[in-house]
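# With the input below, show me the fold.
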Amino acid sequence: MTTAHKWSPPSRIRAVAIGLVIEQNRLLVFEGYDDTRQSFYYRPLGGEIEFGETGEQALKREFLEEINQPIDQIEYLETLENHYFLDDVQGHELVRVYRVSLVNPEAYHQDYLISESGQLPLHTRWLDISQLAQTPERLVPKGIWRLLKI
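The predicted structure is shown next:
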């Protein structure tokens, strides 16, 4: 029996695609916890770009895998270089950021549980952007705030 574990950054640079899903001043994010800092952080949904995929293809795949929701109206915004620490482990990513919409209108009214094989599940939340701005360091990756033009 395999025990689920918390995700940890690999010791390599990752290419990642994330999608900003914004509706009525709310942003769809997953909630993570940094044991070292003893605080929650929030990150838009998405994941690693697999070999041969475009960022857009990876994003479509990740939304289907993570929350079983198709996306459309995909608009590329920018690529961020993200150097960070999670639980005292260094991470390094090139993050392609997109603005996206969920195809199903009902999907904007639910939270989700992301379950990936061998990893602890992650909860998603719709967070009010103005409330999130009160603790801006909790929204990652760095640089995302200037892309949240509503």
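
# tell me what the worst-scoring helix or strand of the chain on mean pLDDT is packed against?
Least confident helix or strand of the chain, by mean pLDDT, DSSP states H and E, is strand 113-114 with a mean of 92. Other helices and strands packing on strand 113-114, by 3 or more CB pairs under 8 Å, 6 or more residues apart in numbering; DSSP states H and E, are strand 122-128. Glycine gets a C-beta too; all of them are placed from N, C-alpha and C.

# Report the strands that pair with the strand it packs on, each with its relative direction.
Strand pairing for strand 122-128, using DSSP bridges, gives strand 26-34 (antiparallel), strand 113-114 (antiparallel).

# how far does the helix or strand that the longest one is followed by sit from the chain's center?
Pointing back at strand 26-34 there. Once strand 26-34 ends, the next helix or strand along the chain (criterion: DSSP states H and E) is strand 39-48. Strand 39-48 has its C-alpha centroid displaced from the chain centroid by 4 Å (CA atoms, centre = their mean, to the nearest Å).

# in strand 39-48, what counts as buried?
Across strand 39-48, burial judged by 16 or more other CB atoms under 10 Å covers Tyr41, Tyr42, Arg43, Pro44, Leu45, Gly46, Gly47.

# Excluding sequence neighbours, find me the nearest residue to the third one.
Among residues not flanking Arg43 along the chain, Val140 sits closest, at 5.1 Å (CB to CB, 6 or more residues apart in numbering).
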